[in-house]
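Trainee: Could you look at this predicted model? Sequence included:
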Amino acid sequence: MTTKLKFDGGWSATVTDEPLDLVPRLLGTFLIVSPYADRVEREKFLADTFGSQDLLWDLPDVFRFAPSDRQLVGAEFRIPEESASAEDSARLPLRPEVRPGGLRADEVKDFRHEVCTVLCRAPGDAVLTCLRDLDVLDEPLDALIGIAPDVALLVQHGTVVGWSLTDPARYLTTNFAAPDPDPPAPATRRLLTECLDLVTMVSVVDDLVDGEPAALARLQAADKALREQREDRADALLELIATYVEDYGNWWTGTKTKERGPGAAVCADQRAGADHDTAPRS
């Protein structure tokens with residue numbers, strides 16, 4: 001049984017029997033598993049805790065611990081910008097049974113844990129699995145540590161190499177609000193898949209950047225469907241694709257408003273954070 005986890009920089013923590021009693025919140029491509037309700041509370045939360053955190057333009061995964069007992073009290077993750085190919089996603093190691101548990105830092109010391117770079121998507125996006133890199137696919141996983149409902153850390157050779165979110169559609173929300181407790185409608189789940197295709201599939205993003213009519217039509221159709229739905233997490237999905245609509249959605253003239261290289265589009269939640277104070281920042 002895995003009892004000790006290694007993070008980047010030689011930092012380590014011990015697995016406990018006390019997972020976080022917090023409902024995950026998925027804001028665009030940000031996954032928040034922390035108790036704060038707005039940006040002001042977040043700044044206080046970061047000031048009162050230690051661990052890995054974002055600083056200005058440095059955006060690692062966030063793990064925050066209480067100085068008093070060194071227990072994990074919050075975490076934040078970012079969904080990678082690029083989805084793995086279907087072939088690579090199919091190589092994802094079999095998932096061990098999730099072991100619910102918290103973390104206790106081995107010492108009161110700040111560290112930095114790099115974000116994941118690869119997104120593996122289960123059929124229907126029932127599970128989003130984010131990996132440090134594709135090398136993780138070459139060997140089995142040691143454990144899945146469920147640090148919160150439907151959120152697990154992936155462990156390989158005792159090291160945290162990624163994380164996963166089960167049923168991501170359930171946790172979609174905006175403005176730090178608690179997610180809708182009712183399960184998402186099938187249409188919402190399908191629209192989540194379409195939105196993730198639009199913002200994380202390299203071939204689709206490249207077509208949007210190049211102004212390919214078929215890709216622009218897909219973007220227009222998703223935007224239209226969500227604006228007509230206007231409920232059941234529609235606003236959260238609109239934020240997910242908002243930057244792409246703004247930058248590449250000028251389908252009426254067939255021109256692009258900005259030129260960007262492949263994969264360089266800014267995530268919708270980053271724009272939303274700047275304009276509407278929704279994205280977590282230090």
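Mentor: Everything's here; your move.

Trainee: What segments of the stretch 51-200 of the chain are strands?
Mentor: For the stretch 51-200 of the chain, the strands defined by DSSP state E, counting those that start in this stretch cover 62-65, 72-78, 98-100, 103-105, 118-121, 127-131, 143-148, 151-156, 159-166.

Trainee: Give me the contact list for the last one.
Mentor: Strand 159-166 is contacted by residues 5-7, 24, 26, 31, 61, 77, 95, 113, 116, 126-132, 136, 141, 144, 150-155, 171 when judged by Cβ atoms under 8 Å, 6 or more residues apart in numbering. Using the backbone N, CA and C atoms, a C-beta is placed for each residue, glycine as well.

Trainee: Of these, just the buried ones, ChimeraX syntax please.
Mentor: Buried members of these, defined by 16 or more other Cβ atoms under 10 Å, are picked up in ChimeraX with:
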select :5,7,24,26,31,61,77,95,113,116,127,128,129,130,131,132,136,141,144,150,151,152,153,154,155,171
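
Trainee: and residue 58, what does it touch?
Mentor: So residue 58 contacts residue 112 (Cβ under 8 Å, 6+ apart).

Trainee: rerun at 7 Å
Mentor: Shown in contact with residue 58 (Cβ atoms under 7 Å, 6 or more residues apart in numbering): no residues.

Trainee: ok so, going back, what about the strands of the stretch 51-200 of the chain, which gets the closest to residue 180?
Mentor: strand 159-166 (16.2 Å; Cβ to Cβ).

Trainee: Show me which positions of the closest one end up buried.
Mentor: Within strand 159-166, judged by 16+ other Cβ under 10 Å, the buried ones are 160, 161, 162, 163, 164, 165, 166.

Trainee: Next: stretch 85-103.
Mentor: Those would be 89, 92, 95, 96, 98, 99, 100, 101, 102, 103, for stretch 85-103 by 16+ other Cβ under 10 Å.

Trainee: Quick check: the fifth one touching residue 147?
Mentor: No. With contact defined as Cβ atoms under 7 Å, residue 98 and residue 147 do not form a contacting pair (9.9 Å).

Trainee: Would you check which pair of the buried residues of stretch 85-103 lies furthest apart?
Mentor: 89 and 102 (29.1 Å).

Trainee: could you dump the strands of the stretch 51-200 of the chain to TSV with distance to residue 215?
Mentor: Output for the strands of the stretch 51-200 of the chain, formatted as TSV (distance: least, Cβ to Cβ, whole Å):
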stretch	distance to residue 215
strand 62-65	33
strand 72-78	24
strand 98-100	37
strand 103-105	42
strand 118-121	19
strand 127-131	22
strand 143-148	35
strand 151-156	32
strand 159-166	26
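
Trainee: Burial check on residue 235, number of neighbours?
Mentor: Residues lying near residue 235 (other Cβ atoms under 10 Å) number 18.

Trainee: Checking it next. Helix, strand or coil?
Mentor: helix (DSSP: H, G, I helix; E, B strand; the rest coil).

Trainee: So for it, what's the nearest residue that isn't a sequence neighbour?
Mentor: By the measure of Cβ to Cβ, 6 or more residues apart in numbering, the closest residue to residue 235 outside its immediate chain neighbours is residue 174, 5.1 Å from it.

Trainee: ditto for residue 11
Mentor: Nearest to residue 11 is residue 111, by Cβ to Cβ, 6+ apart, at 3.8 Å.

Trainee: Next: residue 169.
Mentor: With Cβ to Cβ, 6+ apart, the residue lying closest to residue 169 is residue 184, at 4.3 Å.

Trainee: is it true that residue 105 touches residue 70?
Mentor: Yes. Between residue 105 and residue 70 a contact is recorded at 4.2 Å, counting by Cβ under 7 Å.

Trainee: more crowded one of those two?
Mentor: residue 105 (23 against 20).

Trainee: Quick check: the more buried one vs residue 49, distance?
Mentor: 10 Å (Cβ to Cβ, to the nearest Å).

Trainee: Need the overlap of contacts for these two.
Mentor: Counting by Cβ under 7 Å, 6+ apart, the residues touching both residue 105 and residue 49 are residue 65.

Trainee: Could you list the low-pLDDT ranges of the stretch 151-282 of the chain?
Mentor: Along the stretch 151-282 of the chain, segments meeting pLDDT under 70 span 249-282.

Trainee: Hmm, the residue nearest to residue 235 is touching residue 236, no?
Mentor: Yes. Between residue 174 and residue 236 there is a contact under Cβ under 7 Å: 5.1 Å.

Trainee: Show me which of these two is the more surrounded one.
Mentor: Remark: of residue 174 and residue 236, residue 236 carries more neighbours, 29 against 21, as counted by other Cβ under 10 Å.
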